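Asker: Make a model of this:
(one chain, ligands or ions: 1)
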Amino acid sequence: MNKKILALFFSGLLVISAALTGCGGNAKGDKVLKAACSADFAPFEFQEEGNKEYQGFDMDLIRALAKEMGMEVEISNIAFDGLIPALEAGNIDVAISGMTINDERKGKVLFSDPYYESGLTLVVRSDEKNIKGFKDLEGKSVAAQIGTTGSTEASKIKDCNVKNFNVISECFMELKAKGVDAVINDRPVNDYYIKKTNSEGVKALPEKLTAENYGMAVRKDNEELQKKLNAALKKLKDNGEYQKIYERWFGGASK
Ligand code: ARG
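Answerer: Numbers count the residues shown, from 1 in each chain. Modelled structure (predicted):
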């Protein structure tokens, strides 16, 4: 064997051993996508009793996206107002949690392309006569989830007493217990809640206060993952997979 062939042989061995020990680009660590949501937001992310798996539109979407990117996904449950701090601390790679893309958050994280169009509506008790829309909330009390756009909008209403809760189910409980007059929250979640509980005692009002787009959030310095997620999202939209997931949770055609 001449020297050249020997050198080639050894460099080949090096590559193989690097791959086997998991060094370099093939490292297993790179293949696990650490995702998180606040699993209190059906039909986007929730956990059913007796079922360990997180369910919902966002959960199916992130699993399909990870598959498309050739990665495994690990999902953890973090309170909504803890998601951005968890990203900033490097504990997770992506937050997918019905999170609205807005300027304030854009100062802290990078967002993927929008993947769902949402907006805020009001839920009131079925026998409510005085609140017909957002303009009637002056002087009333309203519940919202901590750290959400619903909570921010509530805080802008004049003389409105805003009660913030950790999870959205607590807001609905408070409304039923007459602790507040209304809940401000995302339309699809309000509609799903009312459908699931057969509208007992509460109703959603048709007025939509905002138009909001959901995006996945990644760390400010992780443009690479942002790009990968966008490419995978586009692929799933093009090949019909996104549509299938959409229909599973919402029925009908997606926008
Ligand atoms: N879209 C609203 C926001 O971004 C509410 C999101 C709440 N998500 C959740 N998983 N609880 O502020």
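
Asker: Can you give me the distance of the most centrally placed residue in the chain to the ligand?
Answerer: Most central in the chain under Cα atoms, centre = their mean is S97, positioned 1.5 Å from the mean C-alpha point. Counting by Cβ to the nearest ligand atom, to the nearest Å, the gap from S97 to the ligand is 4 Å. Bear in mind the C-beta positions are built from the backbone N, C-alpha and C, glycine included.

Asker: Spatially, what comes nearest to that residue if we skip its sequence neighbours?
Answerer: C37 (4.1 Å; Cβ to Cβ, 6 or more residues apart in numbering).

Asker: Could I get the phi/psi values of the one you found?
Answerer: With angles defined as degrees, to the nearest 10, C37 sits at phi -140, psi 170.

Asker: Equivalent analysis for A35, please.
Answerer: phi -110, psi 160.

Asker: tell me which residues form a beta bridge with it?
Answerer: I75, V94 (DSSP bridges).

Asker: so what's the residue of the stretch 101-250 of the chain found nearest the ligand closest to, chain neighbours aside?
Answerer: Relative to the ligand, the nearest point of the stretch 101-250 of the chain is T148 (3.4 Å; Cβ to the nearest ligand atom). In space, and not counting its chain neighbours, T148 is closest to F80: 6.3 Å by Cβ to Cβ, 6+ apart.

Asker: Give the residue spans of the stretch 151-255 of the chain that score low on pLDDT.
Answerer: 252-255 (pLDDT under 70).

Asker: residue ranges of the helices in the stretch 51-200 of the chain, please?
Answerer: 57-68, 83-88, 103-106, 149-156, 168-176, 187-196 (DSSP state H, counting those that start in this stretch).
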